[in-house]
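**Student:** Predicted coordinates and the sequence they were generated for:
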Amino acid sequence: MASLKHTIIRGGLESLFFSGAHFALKPFLGGVGAILTLHHVRPPRPGRFQPNRILEITPRFLTRVVKLLRRSRVDVVSLDEVARCLRERDFRRRFVALTFDDGYRDTLQHAYPILKEAEMPFAVYVATSFPDRLGELWWLALEAVIAKNERIGLVIERENRTFDCSTVAEKRALFDELYWWLRSRPTETELRYIVRNLAACYAVDIAAFCAELCMDWREIAALAADPLVTIGAHTVNHPMLSKLPEKTARTEMDLSRAVIEAALGVRPAHLAYPFGDQAAAGAREFAIAEELGFATAVTTRPGVLLRGHATHLTALPRISLNGEYQQLRYVRVLLSGSATAMWNGFRGKEAA
């Protein structure tokens, strides 16, 4: 199913590019700017079963994107400048902001040198339980369980189920099925409980992912010392906020800001909602972020920034640099606003 979805999306991007429709539509759909979403930047990994590859691009591709942006008539700006441009309706030039979610070590190792050399500002949204080594990157634990086993058992809807996953195709299908089943659990507590038990049964150490992949506070501080870098809040535990009681959701947002301030001496003005899609953050979360005084808050809902987002600063869309679509022509199409406008049914800012 995921493979079919990628094929359809890739076909749509190809059609928009090679027909020239993206170029023709850009004056009407390109908006005033865009915020790009990245997670991992690292060399390609071996292995055919990598369902979380959508979250990573290579340093080579990032370098090519940087060169594309430098050739384009856009300003690469900080999140503070994004907020200013939207608030003051300063749309004389299109702008792009680069953002990295979660706080992975490869942001420091691979992305930072590329962006530093290009003198391009960027932001890193940190989920504070990750540098504290208390976080659970459960989607990676799920991948690891499936990767190392040919059959797994799980209780689903009070029924003992057994899943064969000896082939790559079976592993991909099973990951897709279980990932979205977990995402559909009514509470974050239930999701975490299921994954912890699954990992324990199949000897996967969830805590090890934080230590191996995420920056510690010393590394984050080293990044934050550069004026090019903005550190943003990304909650404490990286939950789907919409599944939490309102008070807990508010605490996740506010406490992460306080923890970062205590660690770095700078109070974050910007927030990213974990997962960030319609199922993870909505009107309630947007209102809380505004009440807490965040200058901006970003989703992962696809789209460029429009003039109307000046009144929706805590519900901003972003464009993902997805590991499955590492072609510059796709970036050109996405920055034109044509693909995301069609995806959103031409609903404009209301799509967020």
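**Tutor:** It's in. These numbers were taken from a predicted model, which means no experiment stands behind them.

**Student:** So, low pLDDT: which residues of this structure?
**Tutor:** Residues of the chain meeting the criterion pLDDT under 70: 1-4, 348-352.

**Student:** Outline the domain layout of the protein.
**Tutor:** Following automatic domain parsing, the chain resolves into domains at 1-30, 31-94+106-131+214-323+345-351, 138-207.

**Student:** can I get these in CSV with distance to L335 and mean neighbour count?
**Tutor:** In this view, the C-beta of every residue, glycine as well, is placed from N, C-alpha and C. Below are the domains of the chain laid out as CSV (distance: least, C-beta to C-beta, whole Å; neighbours: other C-beta atoms under 10 Å):
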stretch, distance to L335, mean neighbour count
domain 1-30, 7, 14
domain 31-94+106-131+214-323+345-351, 6, 19
domain 138-207, 27, 15
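
**Student:** Save the ones you listed as a markdown table, and put in distance to S336 too.
**Tutor:** As requested, the domains of the chain are exported to a markdown table (distance: least, C-beta to C-beta, whole Å):
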| stretch | distance to S336 |
| --- | --- |
| domain 1-30 | 4 |
| domain 31-94+106-131+214-323+345-351 | 8 |
| domain 138-207 | 29 |
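
**Student:** quick one: which of the ones you listed is nearest V333?
**Tutor:** Nearest to V333, of all the domains of the chain, is domain 1-30, at 4.4 Å by C-beta to C-beta.

**Student:** rewinding a little: for A339, find the nearest of the domains of the chain.
**Tutor:** Of all the domains of the chain, it is domain 1-30 that lies closest to A339, at 5.8 Å by C-beta to C-beta.

**Student:** The longest strand along the chain: partners in the sheet, and parallel or antiparallel?
**Tutor:** In the chain, ranked by residue count with DSSP state E as the criterion, the top strand is strand 94-102. Sheet pairing of strand 94-102 (DSSP bridges) gives strand 33-38 (parallel), strand 74-76 (parallel), strand 122-126 (parallel).

**Student:** Redo those as a markdown table? Include distance to A169.
**Tutor:** Converted to a markdown table, the strands paired with strand 94-102 look like this (distance: least, C-beta to C-beta, whole Å):
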| stretch | distance to A169 |
| --- | --- |
| strand 33-38 | 28 |
| strand 74-76 | 40 |
| strand 122-126 | 34 |
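
**Student:** do you know which of those lies nearest W180?
**Tutor:** Here strand 33-38 is closest among these (C-beta to C-beta), at 19.8 Å.

**Student:** What are the contacting residues of that closest one?
**Tutor:** With C-beta atoms under 8 Å, 6 or more residues apart in numbering as the test, strand 33-38 has contacts from 57, 62, 74, 77, 82, 85, 94-101, 111, 298, 300, 304-305, 316-321, 334-335, 337.

**Student:** Stretch 99-111 now?
**Tutor:** Identification of contacts with stretch 99-111 by C-beta under 8 Å, 6+ apart yields 35-43, 59, 62, 79, 122-127, 130-131, 213-215, 219-220, 222-223, 232, 234, 238, 272, 298, 318.

**Student:** try 6 Å this time
**Tutor:** Contacting residues not belonging to stretch 99-111 are listed as 35, 37-42, 59, 123-127, 130, 213-215, 219, 223, 272 [C-beta atoms under 6 Å, 6 or more residues apart in numbering].

**Student:** Now find how far off-centre that stretch is within its chain.
**Tutor:** 12 Å (C-alpha atoms, centre = their mean, to the nearest Å).

**Student:** For the residue lying closest to L316 once chain neighbours are set aside, give me its contacts.
**Tutor:** Spatial nearest neighbour of L316, excluding adjacent residues (C-beta to C-beta, 6 or more residues apart in numbering): V298 at 4.7 Å. The contact partners of V298, by C-beta under 6 Å, 6+ apart, come to 35, 272, 316, 318.

**Student:** V168: which of those residues is nearest?
**Tutor:** R318 (30.5 Å).

**Student:** For N322, see how far away K171 is.
**Tutor:** For K171, the distance to N322 equals 20 Å [C-beta to C-beta, to the nearest Å].
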